[in-house]
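*Asks:* sequence first, predicted coordinates after that:
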Amino acid sequence: MSDKTQLEIHLQQDIDKIKSKIKEMGVLAETALNNSFSAFLNNNGKLAYSVILLDRKIDELEKEIDHLCLEFLIRQHPAASLLRFVYASIKVNLELERVGDYAESVARRSLVVNSLNVDIDFSQFEAINKASVSMLNNSIQAFINQDKDLAATTMLEQREVSRLRDKINDYLFVLASSKKIPITAFTPLQTIARRLERVADQSKNICEETLYMCTGENIKHLKTKTFKILFVDDDNANTSQIAEAIGNALNLENFVFSSAGINSENITDTTIKLLNDKGHDTTNHISKLVENLPNLNNYQVIISLSEASQKIYPQPPTKTISIQWEINQIEGDPNAKYNFLNKNINELVQAILGEEN
């Protein structure tokens, strides 16, 4: 048997070992995620603690895989596709370790929520968990089998998971404002939904690494930045709701429009009628408080629609751009207000797109 054949045999053995360990890591992460959600859903403290303890094993395996990849680099001196394989393996290993961390976080929050005897409809939580676990499983299979088509298809599911997370947040805001859940349960429930969404984000990252491994193209360098724009007024019952509806009606893939108020009041009948007359769906519109938004620095642009709402601007240093729109003179004319907001939102979007180009 030639030396070249021996080298090829050892090379394939090293590749298979790394793939096997990543597959094992994926099974552990997926098991932890399933168990943490089961503990949350079924009020199972024992299962929650087992997930918390399992995280150490995931961390140890992450270090082992990292060591294997380093050994591969030193021993094989890979180039081209093999170099992309080991680079992607290192990144996928890190993504799976983070999924383990998110599973542990869900388990810890489940202990808090279950101690409060929260009795609500968990169907939306079940939906986001199912979608996130499915993405995780498919992303691992895509990497192990070097299936670029499965990776590309799986990535598309992330937007649905984000939609489910937003739906859960709206649901929790309604429950909290109507005092159907204790305030101490609000943040843990919101965190559980956010962690499950992050699992989908990590799964998307795994798919991106798979595409890089298979094609040599780093899709992260090709992605367009997402712009998050927040409209704020006094009560989130009128003007800011109209602005949010106009923004989202543009259906721009890389823009997310939201609204909130210094206080939270029911959306006015006049606002609902105006939006319906303009062809906007108001089914999912609810009033939200600024103080319940996780981090205002996550928004690229915050637009103040009242004098009081200027007080919520993030303090320097911040990359958030703060803008005030004066609408006092047209406050009593719904159609004039709508036209003003429509014109300014479109001009802002065009300016942002122009900067990107």
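*Replies:* Sure thing, it's come through.
*Asks:* what's the distance between Phe186 and Val112?
*Replies:* Distance, Phe186 to Val112, using CB to CB, to the nearest Å: 11 Å. Just so you know, the C-beta spots here come from the backbone N, C-alpha and C atoms, and that holds for glycine as well.
*Asks:* how close does Asp201 sit to Pro317?
*Replies:* To Pro317, Asp201 is 26 Å away according to CB to CB.
*Asks:* more crowded one of those two?
*Replies:* Asp201 (17 against 6; other CB atoms under 10 Å).
*Asks:* what helix or strand is that one on?
*Replies:* With secondary structure defined by DSSP states H and E, Asp201 is part of helix 183-215.
*Asks:* mind giving me the packing neighbours of that helix?
*Replies:* Contacts defined by 3 or more CB pairs under 8 Å, 6 or more residues apart in numbering; DSSP states H and E place helix 183-215 against helix 3-42, helix 80-115, helix 123-144, helix 148-155, helix 158-177.
*Asks:* got a list of contacts for whichever helix or strand comes after it?
*Replies:* Note on helix 183-215: by DSSP H and E, the next helix or strand toward the C-terminus is strand 227-233. For strand 227-233, the external contacting residues (CB atoms under 8 Å, 6 or more residues apart in numbering) are 239-240, 243-244, 247, 254-262, 290, 293, 296, 298-306, 309, 312, 348, 352.
*Asks:* again with stretch 61-73
*Replies:* 14-15, 17-18, 21-22, 24-25, 28, 78, 86, 89-90, 93-94, 96-97, 100.
*Asks:* let's see it at 10 Å
*Replies:* By CB atoms under 10 Å, 6 or more residues apart in numbering, the residues outside stretch 61-73 that reach it are 11, 14-15, 17-18, 20-22, 24-25, 28-29, 78, 82-83, 85-94, 96-98, 100.
*Asks:* tell me the buried residues in it?
*Replies:* Using 16 or more other CB atoms under 10 Å as the burial criterion, the residues of stretch 61-73 that qualify are 61-62, 65, 68-69, 72.
*Asks:* on that earlier part again, mutual contacts of Phe186 and Val112, please.
*Replies:* Any residue near both Phe186 and Val112 by CB under 10 Å, 6+ apart counts here, and that gives Val118.
*Asks:* and the buried ones among the contacts of stretch 61-73, selectable in PyMOL?
*Replies:* Taking 16+ other CB under 10 Å as the burial criterion, the selection of buried members of these in PyMOL is written as:
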select buried, resi 14+15+18+21+22+25+28+29+78+82+85+86+87+88+89+90+91+92+93+94+96+97+98+100
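*Asks:* any idea how far Ser132 is from Val112?
*Replies:* Distance, Ser132 to Val112, by CB to CB: 20 Å.
*Asks:* ok, those two, which is more surrounded?
*Replies:* Ser132 (28 against 16).
*Asks:* neighbours of the residue nearest to that one when sequence neighbours are not counted, just the number please.
*Replies:* Beyond its immediate neighbours in the sequence, the residue positioned closest to Ser132 (CB to CB, 6 or more residues apart in numbering) is Val199, lying 4.2 Å away. Neighbour count for Val199, taken as other CB under 10 Å: 26.
*Asks:* roughly how far does Val199 sit from Asp166?
*Replies:* In terms of CB to CB, Val199 sits 16 Å off from Asp166.
*Asks:* could you give the angle of the lowest-mean-pLDDT helix or strand in the chain to strand 227-233?
*Replies:* Least confident helix or strand of the chain, by mean pLDDT, DSSP states H and E, is helix 334-356 with a mean of 86. Following axes from the mean of the first three to the mean of the last three CA atoms, to 10 degrees, one obtains 150 degrees for the angle between helix 334-356 and strand 227-233.
*Asks:* host element of Glu60?
*Replies:* Glu60 is part of helix 45-76 when elements are defined by DSSP H and E.
*Asks:* flag the shaky bits of this structure, pLDDT-wise.
*Replies:* Within the chain, the segments meeting pLDDT under 70 span 1-4, 218-225, 354-357.
*Asks:* number of nearby residues for Ser177?
*Replies:* Around Ser177 there are 16 other residues, counting by other CB under 10 Å.
*Asks:* now do the same contact list for it.
*Replies:* By CB under 10 Å, 6+ apart, the neighbours of Ser177 are 186, 264, 266, 286-289, 292.
*Asks:* Gln124: which of those residues is nearest?
*Replies:* Proximity of the contacts of Ser177 to Gln124 (CB to CB) peaks at Ile286, which lies at 14.2 Å.
*Asks:* for that closest one, give its distance to Asn145.
*Replies:* Distance, Ile286 to Asn145, by CB to CB: 43 Å.
*Asks:* among these two, which residue is more densely surrounded?
*Replies:* Neighbours were counted for Ile286 and for Asn145 using other CB under 10 Å; Ile286 has more, 17 against 12.
*Asks:* what secondary structure does the more buried one sit in?
*Replies:* Three-state assignment for Ile286 (DSSP: H, G, I helix; E, B strand; the rest coil): coil.
*Asks:* do I have it right that it meets Asp170?
*Replies:* Yes: between Ile286 and Asp170 there is a contact under CB atoms under 10 Å: 5.3 Å.
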